[in-house]
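Enquirer: Structure, please.
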Amino acid sequence: QVQLVESGGGLVQAGASLRLSCAASGRIFSHYAMAWFRQTPGKEREIVASISWRSGSTTRYADSVKGRFTISRDNAKDTVYLQMNSLKPEDTAVYYCAADLNSPFGNEYDYWGQGTQVTVSS
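Expert: Numbers count the residues shown, from 1 in each chain. The predicted structure is shown next:
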């Protein structure tokens with residue numbers, strides 16, 4: 001079992017920055033790929049960014065956040081981060097972190113956090 005706890009969400013103005021954190025426990029953190037998803041009411045959950053296991057040498061981003069968001073991991077702290085810059089109102093959503101224990105690059109995410117709300121005002 002893996003437990004994931006997100007933090008760092010909040011209310012900010014457009015153009016501001018936030019950093020989300022996701023602390024993991026229960027397994028060897030470096031052995032699984034991680035990702036950030038987001039969801040708004042009435043819409044399907046969408047993947048925002050992913051990072052491969054171990055060193056995290058491979059990262060992927062949704063087109064809507066490329067150049068603004070950065071995913072990273074600190075295996076010593078069992079934590080994955082999402083640095084969000086130049087935030088836009090359309091980034092408003094509940095953000096979830098997720099873990100894939102079976103694929104080094106992330107494919108099917110089996111474990112999820114409870115989510116953290118990000119609200120960007122215009």
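Enquirer: Is the most centrally placed residue in the chain bridged to anything, and to what?
Expert: Note on the chain: the residue nearest the mean C-alpha position is residue 36, at 2.4 Å, using C-alpha atoms, centre = their mean. Legend: beta-bridge partners of residue 36 under DSSP bridges are residue 49, residue 97.
Enquirer: Quick check: it vs residue 4, distance?
Expert: According to C-beta to C-beta, to the nearest Å, residue 36 stands 11 Å off from residue 4. Quick note: C-beta positions are derived from backbone N, CA and C, even for glycine.
Enquirer: With residue 49 instead?
Expert: 15 Å.
Enquirer: again with residue 103
Expert: Residue 103 is 17 Å from residue 4, by C-beta to C-beta.
Enquirer: Give me the more crowded residue out of the two.
Expert: Legend: neighbour count by other C-beta atoms under 10 Å for residue 103 and residue 4, higher for residue 4 (20 against 13).
Enquirer: just checking, the more buried one touches residue 111?
Expert: Yes - with contacts counted by C-beta atoms under 8 Å, residue 4 reaches residue 111, the gap being 6.0 Å.
Enquirer: In the chain, where is pLDDT below threshold?
Expert: Across the chain, nothing is flagged by pLDDT under 70.
Enquirer: In it, what residue spans correspond to strands?
Expert: 3-7, 10-13, 18-25, 33-39, 46-51, 59-61, 69-74, 79-84, 93-100, 111-112, 116-121 (DSSP state E).
Enquirer: on contacts alone, who are the packing partners of the shortest one?
Expert: Here strand 111-112 is seen to pack against strand 3-7, strand 93-100 when contacts are counted using 3 or more C-beta pairs under 8 Å, 6 or more residues apart in numbering; DSSP states H and E.
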